[in-house]
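**Q** here is a sequence with its predicted model. Questions after.
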Amino acid sequence: MKIRVENITKTYPLPKGKQFTVLKNINFTINEGDFVTILGESGCGKSTLLNILAGLLPVSSGEIWVDNKKIVGPHPSRSILFQQPNLLPWLSVEENIVFGCKLRGEVDNLRFRANQLIDIMGLSGFEKVYPHELSLGMAQRVCLARSLIGHPDVLLLDEPFASLDTFTRIHLQEELIDFWQVEKLTVIFVTHDIDEAILMGNKVILLGGHPSGIVKIFDIRMNYPRDMTSKIFFLVRTSVLKKFEEAFTDNKNLNPGEKE
Ligand SMILES: Nc1ncnc2c1ncn2[C@@H]1O[C@H](COP(=O)(O)OP(=O)(O)OP(=O)(O)O)[C@@H](O)[C@H]1O
């Protein structure tokens, strides 16, 4: 399964007939099994791009293809995880995890799969617990389990660990990498954290400019698990930062809030 993003532009309507173009002429390809991180400064349109890939937002122009099918809306084969946990408060941990599958009637092996994920996510013993009794990190693990239970082909994550403490974040980053390697998922992960982008992605798509375009796509050829203190990590980080600074300098005369 291959995702082709062909020349997409996204313009938001503003009051008084004005428009704001956030993304312009975006082209890239994601291969099956890639772990792609989308990196860029706050407000550059990362969430917009992810929501478009999820089929939750329409493009203004351009097309996105999954194999030979055009994305025209959301689909269970593309699962999305947001920054803040969004569990249903009246359902327990296990009920939250299986909720979407039950709704779609995908009940084969559901309990087995739920138990597997509960185990992998370190939630054993918390199956009957309700969301208000969970820490933020645990709630996000439940959301991750919920987004994985339907065997999605593509997992889309919007800064999923940004609000977590350092230790929980490191733990969940490791778990996600392990899961991606075992299940051979395609992952698209939005972050504004350069270290997280390089730590996790085999490809880093750097966004920049106003409106945002692709500054560069980096192939990160480092083995997993990656070591942030290694020399190679430092060198990759430096080259990503350099590109980001070049893009920023190229655009510095533009007003970041420029509206059309
Ligand atoms: N519905 C909307 N209408 C108008 N403008 C919007 C809308 N949604 C987002 N924007 C604007 O589009 C730009 C990009 O927003 P987006 O949330 O995609 O950026 P981001 O890179 O994900 O930011 P962050 O890292 O802070 O989450 C911002 O300037 C935002 O204000």
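**A** Thanks, I have the structure now.
**Q** what ranges do the strands span in the stretch 51-200 of the chain?
**A** Assigned by DSSP state E, counting those that start in this stretch, the stretch 51-200 of the chain shows strands spanning 61-66, 69-70, 78-81, 154-158, 186-191.
**Q** any chance of CSV for those strands, columns mean pLDDT?
**A** As requested, the strands of the stretch 51-200 of the chain are exported to CSV (pLDDT from 0 to 100):
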stretch, mean pLDDT
strand 61-66, 95
strand 69-70, 91
strand 78-81, 91
strand 154-158, 95
strand 186-191, 96
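**Q** got a markdown table for those strands, with mean neighbour count and distance to the ligand too?
**A** (Each C-beta comes from the backbone N, C-alpha and C, glycine too.) Output for the strands of the stretch 51-200 of the chain, formatted as a markdown table (neighbours: other CB atoms under 10 Å; distance: least, CB to the nearest ligand atom, whole Å):
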| stretch | mean neighbour count | distance to the ligand |
| --- | --- | --- |
| strand 61-66 | 16 | 16 |
| strand 69-70 | 10 | 22 |
| strand 78-81 | 21 | 13 |
| strand 154-158 | 23 | 7 |
| strand 186-191 | 24 | 7 |
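**Q** what's near enough to touch the closest residue in space to V142 that isn't next to it in sequence?
**A** Among residues not flanking V142 along the chain, V93 sits closest, at 5.3 Å (CB to CB, 6 or more residues apart in numbering). V93 is in contact with I118, L123, F126, E127, K128, V129, Y130, P131, L134, V142, counting by CB atoms under 8 Å, 6 or more residues apart in numbering.
**Q** pLDDT at the fifth one, what is it?
**A** Spelled out, that is K128. For K128, the pLDDT comes out at 96.
**Q** isn't it right up against E94?
**A** Yes. Between K128 and E94 a contact is recorded at 7.2 Å, counting by CB atoms under 8 Å.
**Q** just confirm yes or no for the helix ranked longest in the chain near the ligand.
**A** When the chain is parsed with DSSP state H, its longest helix is helix 231-250. No. On the criterion CB under 6 Å from any ligand atom, helix 231-250 is out of touch with the ligand, staying 13.5 Å away.
**Q** so what touches that helix?
**A** Outside helix 231-250, the residues touching it (CB under 8 Å, 6+ apart) are 39, 41, 194-195, 197-199, 204, 206, 208-209, 215-216, 218, 220, 222, 226-227.
**Q** chain center to that helix, what's the gap?
**A** Put simply, helix 231-250 sits 21 Å off its chain's centre (CA atoms, centre = their mean, to the nearest Å).
**Q** stretch 191-203 too?
**A** Taking mean C-alpha positions (CA atoms, centre = their mean), stretch 191-203 and its chain are 11 Å apart.
**Q** what's the answer for stretch 40-49, then?
**A** Worked out by CA atoms, centre = their mean, stretch 40-49 lies 11 Å from the chain centre.
**Q** residues making contact with it?
**A** 10, 22-23, 26, 38-39, 57, 158-159, 190-192, 206-208, 211-212, 244, 256.
**Q** make a PyMOL selection of the buried ones in those residues.
**A** Restricted to buried positions by 16 or more other CB atoms under 10 Å, the PyMOL selection for the contacts of stretch 40-49 reads:
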select buried, resi 10+22+23+26+38+39+158+159+190+191+192+206+207+208+211+212+244
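**Q** show me what from the protein comes close to the ligand.
**A** Residues of the chain found near the ligand (CB under 6 Å from any ligand atom) are Y12, F20, V22, G40, S42, G43, C44, G45, K46, S47, T48, H192.
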